[in-house]
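Visitor: can't give you the sequence, but here's the structure:
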């Protein structure tokens, strides 16, 4: 390929990771007709069909599968070059996408975005706070906050913080139902929790109490929805303490008998960790967590 073009390979990677031209175009910063044209040029230059097209989207052919690891190596080298040669003496520019659980994303990262924008005005920050996990290997995000350390892939991770979860309810619910003074008293109360078959992480399967018959009658895949139902007096809910501490409309139930501890991890793809913009954003996330350390590991709202 005498006239090989890196942008053709960028388009290829974006389509391979998303399966659709429109999604690939948004990721690559091109319009979808340009993405289609670049895929066509790459296929013509290689003399091979890289994708099977169907109404369901684009799927890699065997030729495309063989090209994928080479394309990712070239991508890694371009990122390394940008880090070593391009960003050191320039203002931070570009886009950083952060994936995080909805609770941490909404209560910790969303308030952080103003500070990020003020400190690095030329950066575009994308926050994806969802009930799920984004794939760094597929470049669905640049930085991820997860409930466990990754076990495979070219990813680097460090523990961001431990955090506690406790049982909470609104005064309206507690005043209208029998008192809860021991774990046994939880039997017969209405609980709010996750939908079992939609759990995106095994760490969230915590509504199991061997000594108490708990019925989770109100279920949602979204933690913020659970929180709002709890605030409205719908029932008892296990919530992160760093969220509940910010909600004066909640009371902690059985503070000495019901408590869980989980962890949050900060994960970055190995190819991106040296980029100045990635380092700047991960540093600020770490700063924000350290500043509120007691909310995560020490503060216990009054029962």
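Guide: Everything's here; your move. These numbers come from a predicted model, not from an experiment.
Visitor: for residue 178, which residues are in contact?
Guide: 185, 188-189 (CB atoms under 8 Å, 6 or more residues apart in numbering). Heads up, the C-betas are built off the backbone N, CA and C, glycines and all.
Visitor: what is the helix or strand where residue 43 lies packed up against?
Guide: Following DSSP states H and E, the helix or strand that holds residue 43 is helix 32-46. Packing partners of helix 32-46 (3 or more CB pairs under 8 Å, 6 or more residues apart in numbering; DSSP states H and E): helix 6-18, helix 21-28.
Visitor: angle of the longest one against helix 21-28?
Guide: Translated: helix 6-18. 120 degrees (axes from the mean of the first three to the mean of the last three CA atoms, to 10 degrees).
Visitor: counting by contacts, list what helix 6-18 packs against.
Guide: Here helix 6-18 is seen to pack against helix 21-28, helix 32-46, strand 57-60, helix 62-81 when contacts are counted using 3+ CB pairs under 8 Å, 6+ apart.
Visitor: and among those, the most buried is which?
Guide: Sort those by mean neighbour count, taking mean count of other CB atoms under 10 Å, and helix 21-28 sits at the top with a mean of 19.
Visitor: related to what we said a few turns ago, format the helices and strands packed on helix 32-46 as TSV; extra columns: distance to residue 149 and mean pLDDT.
Guide: TSV is the format used below for the helices and strands packed on helix 32-46 (distance: least, CB to CB, whole Å; pLDDT from 0 to 100):
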stretch	distance to residue 149	mean pLDDT
helix 6-18	23	88
helix 21-28	26	85
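Visitor: would TSV of these with distance to residue 196 be doable?
Guide: Converted to TSV, these look like this (distance: least, CB to CB, whole Å):
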stretch	distance to residue 196
helix 6-18	29
helix 21-28	30
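Visitor: picking up where we left off before, the helix holding residue 43 versus helix 6-18: what angle between them?
Guide: Per the same axes, to 10 degrees, the angle that helix 32-46 makes with helix 6-18 is 110 degrees.
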